[in-house]
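# Sequence below, structure please.
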Amino acid sequence: MAIGQGAGRRRTSRGRAPEPPDPDGHDAQADPPADPASVARTICLNMLTTRARSRAELADALARKDVPDDVAGRVLDRLAAAKLVDDAAFAEQWVSSRHRHQGLGKRALAGELHRKGVERETATTAIDEISRDDEQARARALVDRRLPSLARFDDAVAARRLVGMLARKGYDAGVAYTVVREALAQRSPTAAPEGEDGAGSLDDLLAGAEPDADDR
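Got it, this is the predicted structure:
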């Protein structure tokens, strides 16, 4: 009889009805709401695992997740104190990488940092680490890579397309003209020499070199 009663008790346990809902309307088994600071910290750390981020990038991401501004500010301050968020270091890394791998000039880099929310003074400090010689060398590498595809064009067309490419990459006119002038002077001439058939000097060609539509 005791065994049967025990079995009955076990069946009752397995078939027990669910607990009644909380009188206040809350599910007794639901997880408690997540701490906003913990949510914000997790979002930031996940983003920082892929690459360095500016403070503004992280703040924008937290705002999109509806993290309260005061909570976001405290979390970002803690990350900054731990050197996990550092706009100066971010700007330096960004400039170095984008200049080396994408061949971007100073103007383009300044625009990108501005869109990342980096303050102008911080961005300028990072960009100024690129010397004039370094910028010209990177621009020349871009021109040398493009020049073979322009072999069938005369100097006027080649100059326009090369200057247009460098302008699109964010190089100022002084760097672009210097680099293109040197590159075209070293290739086999395809245009008439100065004075023949009304052809002008290389400087004249560059003075009127506007980016072609293909390079804008």
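# Tell me the gap between stretch 82-91 and the middle of its chain.
On the basis of CA atoms, centre = their mean, to the nearest Å, stretch 82-91 is displaced by 15 Å from the centre of the chain it belongs to.
# What ranges does this protein have for its helices?
Per DSSP state H, the chain carries helices over the ranges 2-14, 36-50, 55-64, 69-81, 87-102, 106-115, 120-127, 132-146, 155-168, 173-186, 202-207.
# Which of these has the highest mean neighbour count?
Mean neighbour counts were compared across the helices of the chain using mean count of other CB atoms under 10 Å; the top stretch is helix 155-168, at a mean of 22. For glycine as for every other residue, the C-beta is placed from the backbone atoms N, C-alpha and C.
# same for that one, what does it pack against?
In this structure, helix 155-168 packs against helix 132-146, helix 173-186, helix 202-207, with contacts taken as 3 or more CB pairs under 8 Å, 6 or more residues apart in numbering; DSSP states H and E.
# could I get these as a markdown table with distance to Asp155 and mean pLDDT?
A markdown table is the format used below for the helices and strands packed on helix 155-168 (distance: least, CB to CB, whole Å; pLDDT from 0 to 100):
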| stretch | distance to Asp155 | mean pLDDT |
| --- | --- | --- |
| helix 132-146 | 13 | 96 |
| helix 173-186 | 5 | 93 |
| helix 202-207 | 6 | 60 |
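# Output those in JSON lines, with distance to Arg160 appended to each entry.
Below are those laid out as JSON lines (distance: least, CB to CB, whole Å):
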{"stretch": "helix 132-146", "distance to Arg160": "12"}
{"stretch": "helix 173-186", "distance to Arg160": "9"}
{"stretch": "helix 202-207", "distance to Arg160": "8"}
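# Good, wrapping up.
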